[in-house]
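Visitor: The following comprises the amino acid sequence and a computationally predicted model.
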Amino acid sequence: MSAEFTRAQLLRERGRHEEAVATLLSHLAHHPEDPAAFIELAINRMDIPGQMKLALGDARTATGLMPGLSFPLSLQSRILTQLDKPKDGLALAESAIALEPDCDYAWNSKCLALINLTRWKEAEEAARNALELDPDDEMGSNLLAHVLRMQNRLDESEEESSRRLARDPENAFSFASAGWAALQRGDIKGAEEKFRESLRIDPEMEYAREGLKESFRARSAFFRLFLKWSFFLQKFSESNRTLIIISLIIGFRVLRTLAAGIHPLLVVLVVFAYYLFVFGSWLSSGLANFFLLRDPVARMSLDRAEKTEGLAIAALFFGGLAAVVAGFTLPMLPLAAIGCALLAAAIPASMVFTNPSRKGTIIFSLVTAGILIAGTALTTEVIAHPENGLMKDRAGNLFTTMIVLCAVSSWLGMVRSLRSRQA
């Protein structure tokens, strides 16, 4: 073991990953086939933004140099899961377990892949297998607490976090897990306390920082509604979630037909409820950020992009809502057209300001601009030909264009590469 390799390990333990990588590359210049150095290199690069694919290459090299061991395969699995390829990660984790069934790192890697595939029961089994091999395994315990929470088994989740904290009172992840469980239960104050404690121990923990922001946002009744909906849906597999949403969309359309036979204003209310249901999850974060701006303490948790998002989404949503209500009530169709355009533009705009993907930011900015341009043309058309309303001839085509662009933006929002930072 060279002095450079030992120094690289110390640098990693202190969180100085870039320096550790430079030291390891110097070590590899003299020891080009040292598998331990490639593993160390991969572990460091996993913590450096933008180097996840390089980490995967290092792990693959280590696997080639150590073909009979499970750890390099498990490491590859973990990296692939972080690269949004959980199916590939799961296959490698299972290969690693086949090589060494008593490798707790491999079981944890399998658990992570299954979590990303929303296969909660299997993920729980994998975490418990890791803990059977090593009851003190920190990662296995924290993963088990997370999986139990995702199944809404909050008491068991907090019990596991408490067990971990009894062994390690300074475990930041366990406090964060307990915070998320408290948030899911509706204990906003308790969640804030646990997230603060987690950040006291590890100020860089993003899991706890995001949880603290969510607990601040949950002070808003509007955001709590969508938070509860998110927690409800997370219990189901992706296919079952899709079935639930499709069933509710069909229900809204039936309700709209019934409302049309009672009173035209009821149709407006049903359509607005439909809008909130279908698109509310996109709007909730931006609107919650807006409400946080009024809290002198909570707003300090927001960065500049989140503050800008809060102001922009609130202006589009509340401005659009006021214009629609006034436009259809007075009636003033040009005002209603402006309101519809603002409400439609709020959806892609919600994926612009805090989007870590540069490509996604550009695409959603263009869609937002397209909706506003179509809305301006629609308003002009309604002023020129009020007899056609919003749905006839050219006005109808422009209105449909806005709706299609809005719907397309929500579909594109589910493409991970357009919503996450490229590794």
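Guide: Received it, and whenever you're ready, just let me know what you need. Numbering: from 1, shown residues only.
Visitor: Now do the SS call for residue 310.
Guide: Here residue 310 takes the helix state, with states given by DSSP: H, G, I helix; E, B strand; the rest coil.
Visitor: Roughly how far does it sit from residue 390?
Guide: Distance of residue 310 to residue 390, computed by Cβ to Cβ, to the nearest Å: 30 Å. Just so you know, the C-beta spots here come from the backbone N, C-alpha and C atoms, and that holds for glycine as well.
Visitor: neighbour-wise, which of those two wins?
Guide: Using other Cβ atoms under 10 Å as the criterion, residue 310 and residue 390 rank with residue 310 on top: 24 against 18.
Visitor: From residue 191, how far off is that one?
Guide: Taken as Cβ to Cβ, the span from residue 310 to residue 191 is 21 Å.
Visitor: what's the answer for residue 70, then?
Guide: 37 Å.
Visitor: Could you do residue 418 as well?
Guide: From residue 418 to residue 191 the distance is 30 Å (Cβ to Cβ).
Visitor: neighbour count winner among these two?
Guide: residue 191 (25 against 18).
Visitor: three-state assignment of the more buried one?
Guide: State at residue 191, reduced to three classes by three-state DSSP: helix.
Visitor: quick one: what helix or strand has residue 158 in it?
Guide: Using DSSP states H and E, residue 158 falls within helix 154-167.
Visitor: helices and strands around that helix, which ones?
Guide: If contacts are counted by 3 or more Cβ pairs under 8 Å, 6 or more residues apart in numbering; DSSP states H and E, helix 154-167 sits against helix 138-150, helix 172-185.
Visitor: can you give me the mean pLDDT across the longest one?
Guide: If I follow you right, that is helix 172-185. Averaged across helix 172-185, pLDDT comes to 88.
Visitor: now swap in stretch 80-88 and tell me
Guide: Mean pLDDT, computed over stretch 80-88, is 93.
Visitor: and residue 353, which of the three is it?
Guide: Classification of residue 353 using three-state DSSP returns coil.
Visitor: Just confirm it contacts residue 304, I think it does.
Guide: No. Residue 353 lies out of contact with residue 304 (Cβ atoms under 8 Å); the separation is 9.2 Å.
Visitor: Those two: who's more crowded?
Guide: A direct count of neighbours by other Cβ under 10 Å for residue 353 and residue 304 places residue 353 higher, at 21 against 8.
Visitor: Pull the number of nearby residues for residue 42.
Guide: Residue neighbour count, defined by other Cβ under 10 Å, stands at 26 for residue 42.
Visitor: if we can go back for a sec, in the helix holding residue 158, what counts as buried?
Guide: Residues 154, 156-158, 160-161, 164-165 are the ones in helix 154-167 that count as buried (16 or more other Cβ atoms under 10 Å).
Visitor: Also stretch 43-51?
Guide: Quick answer for stretch 43-51 (16+ other Cβ under 10 Å): 43-47, 51.
Visitor: Ramachandran angles for residue 153?
Guide: Backbone geometry at residue 153, expressed as degrees, to the nearest 10, gives phi -90, psi 70.
Visitor: Now do the strand or helix carrying residue 73: distance to the chain's middle.
Guide: Assessed by DSSP H and E, residue 73 sits inside helix 70-82. How far helix 70-82 lies from its chain's middle: 22 Å, per Cα atoms, centre = their mean, to the nearest Å.
Visitor: which other helices and strands contact that helix?
Guide: Helix 70-82 packs on helix 35-45, helix 52-65, helix 86-99, helix 104-116, going by 3+ Cβ pairs under 8 Å, 6+ apart.
Visitor: nearest to residue 177, of these?
Guide: Among the helices and strands packed on helix 70-82, helix 104-116 comes nearest to residue 177, with 12.8 Å by Cβ to Cβ.
Visitor: any idea of the angle the closest one forms with helix 70-82?
Guide: Angle, helix 104-116 to helix 70-82, by axes from the mean of the first three to the mean of the last three Cα atoms, to 10 degrees: 20 degrees.
Visitor: now helix 104-116: mean pLDDT?
Guide: For helix 104-116, mean pLDDT is 95.
Visitor: Give me the next element, helix or strand, following it.
Guide: The helix or strand immediately downstream of helix 104-116 is helix 120-133, counting by DSSP H and E.
Visitor: between that following helix and helix 104-116, how many degrees?
Guide: Orientation check (the same axes, to 10 degrees): helix 120-133 against helix 104-116 gives 160 degrees.
Visitor: what about dumping the CA coordinates of helix 120-133 to CSV?
Guide: Extracted C-alpha coordinates of helix 120-133, given in CSV (Å, rounded to 0.1, in the frame of the first residue of the first chain):
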residue,chain,number,x,y,z
TRP,A,120,-41.2,-1.8,-1.6
LYS,A,121,-41.8,-5.3,-0.2
GLU,A,122,-38.7,-6.7,-2.0
ALA,A,123,-36.7,-3.7,-0.9
GLU,A,124,-37.7,-4.3,2.7
GLU,A,125,-36.6,-7.9,2.4
ALA,A,126,-33.2,-6.9,0.9
ALA,A,127,-32.7,-4.4,3.8
ARG,A,128,-33.6,-7.0,6.4
ASN,A,129,-31.2,-9.5,4.8
ALA,A,130,-28.4,-7.0,5.1
LEU,A,131,-29.2,-6.5,8.8
GLU,A,132,-29.3,-10.2,9.4
LEU,A,133,-25.7,-10.4,8.2
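Visitor: What residues sit buried inside it?
Guide: Applying a neighbour-count criterion of 16+ other Cβ under 10 Å, the buried positions in helix 120-133 are 120, 122-127, 129-131, 133.
Visitor: so who does residue 43 touch?
Guide: 12, 55, 75 (Cβ atoms under 8 Å, 6 or more residues apart in numbering).
Visitor: Leaving aside the residues adjacent along the chain, what's closest to the first one?
Guide: By that I understand residue 12. Of all residues not flanking residue 12 in the chain, residue 20 sits nearest, at 4.6 Å (Cβ to Cβ, 6 or more residues apart in numbering).
Visitor: Number of residues surrounding residue 146?
Guide: Under the neighbour criterion other Cβ under 10 Å, residue 146 is assigned a count of 25.
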